[in-house]
Structures are given as C-alpha cells and as structure tokens.
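A.B. asks: After the sequence you'll find the predicted model.
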Amino acid sequence: MEKNDNETEFADTDTAQPGNSAAGPESDAPPTLEELLQAKEKEARENWDRFVRERADLENYRKRVNREKEELLNYGNKSLIEEILPVIDNLERALAHASEDGLGAVVEGIRMTHGMLLAALKKYNVSPIEATGEQFDPAFHQAMAQVPTDDHAPNTVVEEFQKGYMMKDRLLRPAMVTVATELK
C-alpha cells in the first residue's frame, strides 16, 4: 500500500518520542506541528502589531490633516487682512486730521468707509488691541518710546502710535506705543 506525504509525516511524528530521536537538532527533520503552530502564532502576533502600528499612523495622519485644515480655515486669510490694516490706519489718520469746514460729506464718507472695513474685519474675528492706559505687554505692544511722567504708573501705555490687531487668539500686528517710566 502506498502512503502519501501527509501520512508519512504524521506517522513519523506519532512514533517520535521526545528525547528518543535518533537525529539531533541539526538534522533536516520536518518541523513538528507544535513548531509550525508556534511559528504561525509568532507571525500572527507580528502581523497584528504591524496592523496596530499602521492603524495608529493612519489615525495620527487624519488628526494632523484635520488640524492643518482647521488652521487654514481659521488663519488662511491672514495675509489679506494684514494688507488691509494699513488702509484702516490711513483712514483713521484722515479722520483725526479732517476738519468739518465745508467737507462734512467727505468726512462722513470716510467715517462710513472706516466703519464698513472694521465691520468686515470683525466677521473674520479680527479685533483691535486695547493699549492706552493698559499695562505694557511685550507680547501685544511694541514700545516706540518711553516718557518719564507722574501722571501714569510706570510701565503703562501712555500713547498709541498705531493700533495692534488680533485674529482670534493670534497676534496679527502689535500695537506701537509709548510707555511711561518713573520721573528721576
């Protein structure tokens, strides 16, 4: 009667006794079922670990892309707004130096334009930084000069040369200010 390869393999493993094998560990004997099972379990663990790592990498990638997308949506128009701020500064200077002598309609037009620009910026969460009378904060103010005075506490903003602006929680431009110091 002929035996196929599987029967031969099982017959060999059934008769083999631990410690009774004539062949040593260096022999070319086929691996036992237990060894094969251990090898497959090891391979399954490695595949599972690789799957878990790849899944974590994918999740981290998704989070990073969502963060970058949110950042772009929130601050993507920052450069445009920074270009508009000098226009607002010039309108404010024009209003500060305008007189009502015969130019009331022009001055009123400038006021309306200024108000419209500020309203448009407010829609994009742009707000001016309050500086005059506030404590000097180098994160939001840029000191252009120091003035010794008794009228204000030391390190207080006395005058604002140029308004600073915030966009949400990010500084667009610091306020340029004069800071009070002690009289000597």
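C.D. replies: Nice, I can see it.
A.B. asks: which residues of this protein score low on pLDDT?
C.D. replies: Counting by pLDDT under 70, the low-confidence segments of the chain come to 1-27, 99-102.
A.B. asks: where along it do the helices fall?
C.D. replies: Using DSSP state H, the helices assigned to the chain run over residues 5-15, 33-75, 78-97, 104-123.
A.B. asks: mind putting those helices in a markdown table, mean neighbour count and distance to Gln135 included?
C.D. replies: Every residue, glycine included, has its C-beta placed from N, CA and C. Shown next, in a markdown table, are those (neighbours: other Cβ atoms under 10 Å; distance: least, Cβ to Cβ, whole Å):
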| stretch | mean neighbour count | distance to Gln135 |
| --- | --- | --- |
| helix 5-15 | 11 | 85 |
| helix 33-75 | 10 | 27 |
| helix 78-97 | 13 | 24 |
| helix 104-123 | 12 | 25 |
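A.B. asks: do you know which of those helices lies nearest Leu172?
C.D. replies: helix 78-97 (6.1 Å; Cβ to Cβ).
A.B. asks: Give me the residues contacting that closest one.
C.D. replies: 107, 110-111, 113-114, 117-118, 121, 124, 126, 162-163, 165, 167, 170, 172-173 (Cβ atoms under 8 Å, 6 or more residues apart in numbering).
A.B. asks: can you pull the alpha-carbon coordinates of it into CSV?
C.D. replies: The C-alpha coordinates for helix 78-97 follow below in CSV (Å, rounded to 0.1, in the frame of the first residue of the first chain):
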residue,chain,number,x,y,z
LYS,A,78,-4.3,86.4,7.5
SER,A,79,-2.1,87.9,4.7
LEU,A,80,-5.0,89.6,3.1
ILE,A,81,-6.1,91.2,6.4
GLU,A,82,-2.5,92.3,7.1
GLU,A,83,-2.6,94.1,3.7
ILE,A,84,-5.9,95.9,4.7
LEU,A,85,-4.7,97.1,8.1
PRO,A,86,-2.6,100.0,6.7
VAL,A,87,-5.7,101.2,4.8
ILE,A,88,-7.6,101.4,8.1
ASP,A,89,-4.7,103.2,9.7
ASN,A,90,-4.7,105.8,6.9
LEU,A,91,-8.5,106.3,7.2
GLU,A,92,-8.1,106.8,10.9
ARG,A,93,-5.4,109.4,10.3
ALA,A,94,-7.5,111.2,7.8
LEU,A,95,-10.4,111.3,10.2
ALA,A,96,-8.2,112.6,13.0
HIS,A,97,-6.9,115.4,10.8
